[in-house]
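Enquirer: got a structure for you, letters missing:
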Ligand code: AMP
């Protein structure tokens with residue numbers, strides 16, 4: 001796929017959540033259509049051209065989906081490897097399989113980052129609870145045990161404060177030394193098929209209960225540090241021969257930056273770009289995936305993005321009455337604690 005896909009082509013998106021929904025809107029603005037593949041509920045289905053509801057292990061459905069699209073991308077990175085093999089035999093997958101493999105497993109991810117010379121939290125592989133004492137001995141406390149796969153929003157994590165603690169996640173894990181950070185930032189970086197790279201301004205992230213609460217730009221940290229953060233993200237994207245948008249989460253410590261994790265997709269901490277840039281992260285991703293040149297992601301406004309989680313939806317009347325607020329709702333009918341229902345971008349002028 002050396003030339004850009006012609007308008008009217010179909011982009012297949014694995015995963016039908018809010019990220020797929022916002023990708024579909026961006027794609028349709030550029031004249032493309034989206035076909036969503038989702039096993040569960042699909043907020044993206046409201047705005048996409050076609051939706052396939054089927055499991056990630058349904059070979060027949062995956063095959064038909066791939067044949068109906070021109071390129072495949074994803075908003076959900078935990079698709080089984082065999083399913084990806086099948087899809088990849090039929091259509092290009094962007095970002096590529098290596099980016100997925102690296103980010104699907106926290107151990108592989110940490111080893112990859114360390115191999116690039118980037119700092120991560122100290123870590124130890126813990127295959128079973130029997131290996132825990134040796135890992136605690138090496139890493140010490142405080143530390144965090146995280147499942148290697150399928151963890152998100154702080155799920156599958158146990159904090160260790162006592163070296164005699166023997167709690168177990170129930171699956172192969174990594175024990176991470178606790179990083180004494182004073183801020184969390186993320187870089188949303190885009191890389192095109194020709195290797196061109198564009199990064200959005202790093203945002204300051206505040207989490208509550210392991211879930212992102214707010215992202216603020218500008219993040220108020222020294223420019224030299226932010227340049228380092230962007231260079232690190234660009235290095236990661238280049239090393240993976242990445243095509244698309246990637247989120248890189250970093251801890252800011254007194255002695256520099258530590259990479260927490262990478263997400264091979266558009267990222268919640270990049271939602272502010274919808275109100276702060278001419279070309280937001282969703283359009284940037286679609287541009288990269290279809291082979292168009294990257295757009296202008298320079299920030300022209302100060303923005304605070306706030307996630308609307310669970311009962312935050314009760315504040316809707318007040319939010320609707322606020323000035324300088326851009327509201328995004330994901331069309332989810334059922335409100336549950338911890339469920340991301342939407343977000344607002346507050347523009348500071
Ligand atoms: P994660 O799912 O790895 O992004 O972790 C969720 C949140 O837990 C992070 O955004 C941090 O606030 C915190 N956290 C994760 N790992 C560490 C660590 N090694 N040291 C300190 N805090 C951490």
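Expert: That came through, no problem. Keep in mind that this is a model prediction, so the values were computed, not measured.
Enquirer: rest of the way, CA atoms for contacts and neighbours
Expert: Will do.
Enquirer: residue boundaries of the strands in the stretch 151-300 of the chain?
Expert: 157-160, 173-177, 183-191, 197-199, 203-208, 211-217, 244-253, 256-263 (DSSP state E, counting those that start in this stretch).
Enquirer: Which parts of the stretch 51-200 of the chain are helices?
Expert: 59-68, 81-90, 97-104, 106-115, 132-139 (DSSP state H, counting those that start in this stretch).
Enquirer: buried ones in the second one?
Expert: Pointing back at helix 81-90 there. Using 16 or more other CA atoms under 10 Å as the test for burial, helix 81-90 gives 83-84, 87-88, 90.
Enquirer: do stretch 306-320 as well
Expert: 306-310, 312-313.
Enquirer: And stretch 93-112, by the same measure?
Expert: Applying 16+ other CA under 10 Å to stretch 93-112 flags 93-97, 99-107, 109-110, 112 as buried.
Enquirer: ok, back up a step: how about the buried residues of stretch 306-320 in TSV, adding pLDDT and secondary structure?
Expert: Shown next, in TSV, are the buried residues of stretch 306-320 (pLDDT from 0 to 100; DSSP: H, G, I helix; E, B strand; the rest coil):
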residue	pLDDT	secondary structure
306	98	strand
307	98	strand
308	98	strand
309	98	strand
310	97	helix
312	97	helix
313	97	helix
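Enquirer: Determine how far stretch 144-153 lies from the middle of the whole chain.
Expert: 14 Å (CA atoms, centre = their mean, to the nearest Å).
Enquirer: got the contact list for that stretch?
Expert: With contacts defined as CA atoms under 8 Å, 6 or more residues apart in numbering, stretch 144-153 is touched by 78, 104-107, 156-160, 169, 171-178, 210-212.
Enquirer: near the ligand too, which of these?
Expert: Contacts with the ligand within the contacts of stretch 144-153, as defined by CA under 6 Å from any ligand atom: 176-178, 210.
Enquirer: Select from those residues the one having the most neighbours.
Expert: Greatest neighbour count in these, by other CA atoms under 10 Å, goes to residue 176: 24 neighbours.
Enquirer: distance of the spatially closest residue to that residue that is not a sequence neighbour from the ligand?
Expert: Distance criterion CA to CA, 6 or more residues apart in numbering; nearest residue to residue 176, sequence neighbours excluded, is residue 123 at 4.5 Å. Using CA to the nearest ligand atom, to the nearest Å, residue 123 is found at 9 Å from the ligand.
Enquirer: Now do the same contact list for residue 123.
Expert: So residue 123 contacts 110, 139, 174-177 (CA under 8 Å, 6+ apart).
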